[in-house]
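[1] I'd like to go over a predicted model; first the sequence, then the structure.
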Amino acid sequence: MMNKKKRIVIALGGNALGNNLEEQKIAVKTTAIAIVDLIEEGCDVVIAHGNGPQVGMIHSAMSSISSIPLYVSGAMSQTYIGLDLENALRDELLNRGIKDMPVATVMTQVVVDKEDKSFENPTKPIGRFMSLEEANLAKKEHGYDIVEDSGRGYRRVVPSPSPKKIVEIDSINALVERGQLVICCGGGGIPVIQEGNSLIGVDAVIDKDFVSCLLAKELDADFLIILTAVEKVAINFGKENEKWLSYLSIEEAKGYIEEGHFAPGSMLPKIEAALDFAGSKEGRAALITQLEKAKEGINGETGTRIHM
Ligand SMILES: Nc1ncnc2c1ncn2[C@@H]1O[C@H](COP(=O)(O)OP(=O)(O)O)[C@@H](O)[C@H]1O
Ligand SMILES: NC(=O)OP(=O)(O)O
């Protein structure tokens, strides 16, 4: 057990939640085990999650019936994922005899800048992985922008403006302070711009790694844990001289970014978010590891730890 209760914001990768409802119902069980492990270790946990595969699936399924904006698909993905994740967490808590921890999914909007350059330069991969032929067809039929994604296939890319403000932060903070387990900022949050007193949805998908960093700072967390499909971060990823890293200082990470070791749209935003959080205040650190290794990671046994 750890001596002091650490506050942890978890950024859960959308790719770890499965590509359809059946896969998701299985995946959330593994996720719930990993998260409740951290609660049993004495950590105060807040959960944010991605929605890349899910928002792409929802948007293309809905668009075949009637056209809906991307931000509405993002809003739908918050409950599509939140419902299963919340119930899996509730089951796991009760199975382990933790009866006094309510779980709540908070619909979250995130303000972005309408002048953000990403609106002209889409970089966020969403939806399923496609072959080159499928990708070319999707480009022709739907006008999608396409990118090759870390050697895993081709995906649609959409604008991904940087998150400026979490609209529901006071409500999230109130629940967290009451000891409740909160799922929020799903899919990076629903992107909105502020027009006078009104919030207007925009067609984009915010990166959940960046919003998780903002959330962790706002909640004054000690740790930002980014859970994904790899146990550690590598340099020369996928090459013969690949090297897995256990520790990464901010200076080292900046150097590796310059040298192009981290793929844009996948590992790069994780490293950038980790750097930003770890460098924001003395004592803060970030960890990137695999979902199933979260407990070992927080205890310093695995993962890549990014520190000042
Ligand atoms: N340098 C690197 N080290 C480790 N993994 C990398 C690296 N560059 C790219 N990747 C890829 O990035 C993936 C994580 O990004 P992604 O799947 O988009 O994240 P998420 O879990 O948030 O959905 C890893 O599973 C791996 O395939
Ligand atoms: N919105 C988002 O960042 O999703 P992924 O984690 O699935 O890429």
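    Yep, it's here. What you see is a predicted model; the values in this text were computed from it and never measured. Numbers count the residues shown, from 1 in each chain. Ligands and ions are numbered 1, 2, ... in the order given.
[2] so where's the longest helix in the chain?
    helix 70-95 (DSSP state H).
[3] Quick one: name whatever helix or strand follows that one.
    Using DSSP states H and E, the helix or strand that directly follows helix 70-95 along the chain is strand 103-105.
[4] who does the very next helix or strand once past that following strand touch, helix- and strand-wise?
    In the C-terminal direction, the helix or strand that comes right after strand 103-105 (DSSP H and E) is strand 109-111. With contacts taken as 3 or more CB pairs under 8 Å, 6 or more residues apart in numbering; DSSP states H and E, strand 109-111 sits against strand 165-166, strand 190-195. The C-beta positions use only the backbone N, C-alpha and C, and glycine is treated the same way.
[5] rerun at 6 Å
    Counting contacts by 3 or more CB pairs under 6 Å, 6 or more residues apart in numbering; DSSP states H and E, strand 109-111 is packed against strand 190-195.
[6] Enumerate the residues of the stretch 51-200 of the chain near ligand 2.
    Proximity of the stretch 51-200 of the chain to ligand 2 (CB under 6 Å from any ligand atom) is limited to residues 51, 52, 187, 188.
[7] can you give me phi and psi for the first one?
    Spelled out, it's residue 51. Here is the backbone geometry of residue 51 (degrees, to the nearest 10): phi -160, psi 20.
[8] Give me the residues contacting stretch 52-61.
    The contact list for stretch 52-61 (CB atoms under 6 Å, 6 or more residues apart in numbering) reads 14, 19, 70, 73, 74, 76, 77, 126, 127, 187, 205.
[9] What helices and strands are in contact with the longest helix of the chain?
    helix 21-40, helix 52-63, strand 103-105, strand 181-184, strand 190-195.
[10] That helix near ligand 1 at all?
    No. Helix 70-95 lies out of reach of ligand 1 by CB under 6 Å from any ligand atom, never closer than 12.3 Å.
[11] Run a quick neighbour tally on the residue in the chain positioned nearest to ligand 1.
    Distances between the chain and ligand 1 by CB to the nearest ligand atom are smallest at residue 13, namely 2.0 Å. Residues within reach of residue 13, counting by other CB atoms under 10 Å, total 22.
[12] let's have the chain start at 90 instead
    Sure thing, new numbering starts at 90, so read that last one as residue 102.
[13] Ligand 2 versus the nearest residue in space to it that is not next to it in sequence, what's the distance?
    The shortest distance from residue 102 to any non-neighbouring residue, by CB to CB, 6 or more residues apart in numbering, is to residue 317 (4.3 Å). To ligand 2, residue 317 is 8 Å away according to CB to the nearest ligand atom, to the nearest Å.
[14] ditto for residue 372
    Distance from residue 372 to ligand 2, by CB to the nearest ligand atom: 26 Å.
[15] residues in contact with that residue?
    By CB under 6 Å, 6+ apart, residue 372 lies in contact with nothing.
[16] Would you mind naming the helix or strand containing it?
    Using DSSP H and E, residue 372 sits in no helix or strand.
[17] Now do the same for residue 137: helix, strand or coil?
    The three-state label given to residue 137 by DSSP: H, G, I helix; E, B strand; the rest coil is strand.
[18] If it is in a bridge, with which residues?
    residue 100, residue 273 (DSSP bridges).
[19] residues in contact with the nearest residue to residue 385 once chain neighbours are set aside?
    In this structure, residue 385 finds its nearest non-sequential neighbour in residue 391, 4.7 Å apart by CB to CB, 6+ apart. Residue 391 makes contact with 320, 382, 385, according to CB under 6 Å, 6+ apart.
[20] and with 10 Å instead?
    Listed by CB atoms under 10 Å, 6 or more residues apart in numbering, the contact partners of residue 391 are 320, 321, 333, 335, 376, 378, 379, 382, 383, 384, 385.
[21] Now do it, the pLDDT please.
    Residue 391 carries a pLDDT value of 97.
[22] Distance check, it against residue 383.
    10 Å (CB to CB, to the nearest Å).
[23] and for those two, which residues touch both?
    residue 376.
[24] which residues sit in contact with residue 273?
    Contacts of residue 273 by CB under 10 Å, 6+ apart are 98, 135-138, 167, 171, 193-197, 255, 257-258, 260-261, 264-265, 300-301, 304, 308.
[25] Tell me the pLDDT of it.
    pLDDT, residue 273: 98.
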